[in-house]
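Participant: Sequence plus predicted model, see below.
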Amino acid sequence: MIQILAQNGDENPDGDLGLATKTRPKTAKPPMYKVMLLNDDYTPMEFVVMVLERYFGISSTQAYELMMTVHKKGLAVVGVFSFEIAETKVMQVMDAARKHEHPLQCTMEKE
Ligand code: TYC
């Protein structure tokens, strides 16, 4: 990125004519994606706990707490990942839900 600075003032007290430039090294910062689980009335609590343990590596105690957060609040972020990892998690959860005929919904959103 190139910024054009004022020709006079704090940044350039001498008042040189012409363009002054300031560069900032580009830092690679890939966008991150929140993966969210949505509540519904039919998916068994144990199934949601299993999903959190299996696909998100969350301990059973934490998984139960997180499941209850979704149950009470309607949704919760269950992890933040790069695009590809987030996409894979969503697919894994949706596939498992479909296989078991549960209406569980898992979505991702740019942070
Ligand atoms: N509300 C569901 C029930 O009472 C449990 C549940 C929790 C479902 C979290 C989905 O993402 C969910 N059986």
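Facilitator: Sure thing, it's come through.

Participant: Please make it C-alpha for all contacts and neighbour counts, starting now.
Facilitator: Noted.

Participant: which residues touch Ala96?
Facilitator: Under the criterion of Cα atoms under 8 Å, 6 or more residues apart in numbering, Ala96 has no neighbours.

Participant: Can you confirm whether the regular element (helix or strand) spanning it lies near the ligand?
Facilitator: For Ala96, the host element (DSSP states H and E) is helix 83-99. No - for a cut-off given as Cα under 6 Å from any ligand atom, helix 83-99 has no contacts with the ligand; the smallest distance is 10.2 Å.

Participant: got the CA coordinates for the helix or strand following that helix in PDB?
Facilitator: As assigned by DSSP H and E, the chain's next helix or strand after helix 83-99 is strand 105-110. What follows is the C-alpha trace of strand 105-110 in PDB, where atoms were taken according to Å, rounded to 0.1, in the frame of the first residue of the first chain:
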ATOM      1  CA  GLN A 105     -27.700 -27.200  11.000                       C
ATOM      2  CA  CYS A 106     -24.100 -26.200  10.800                       C
ATOM      3  CA  THR A 107     -23.000 -23.000   9.000                       C
ATOM      4  CA  MET A 108     -19.900 -20.900   8.500                       C
ATOM      5  CA  GLU A 109     -19.400 -17.100   8.300                       C
ATOM      6  CA  LYS A 110     -16.400 -14.900   7.700                       C
END
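
Participant: just how off-centre is strand 105-110 within its chain?
Facilitator: Distance of strand 105-110 from its chain centroid, counting by Cα atoms, centre = their mean, to the nearest Å, is 8 Å.
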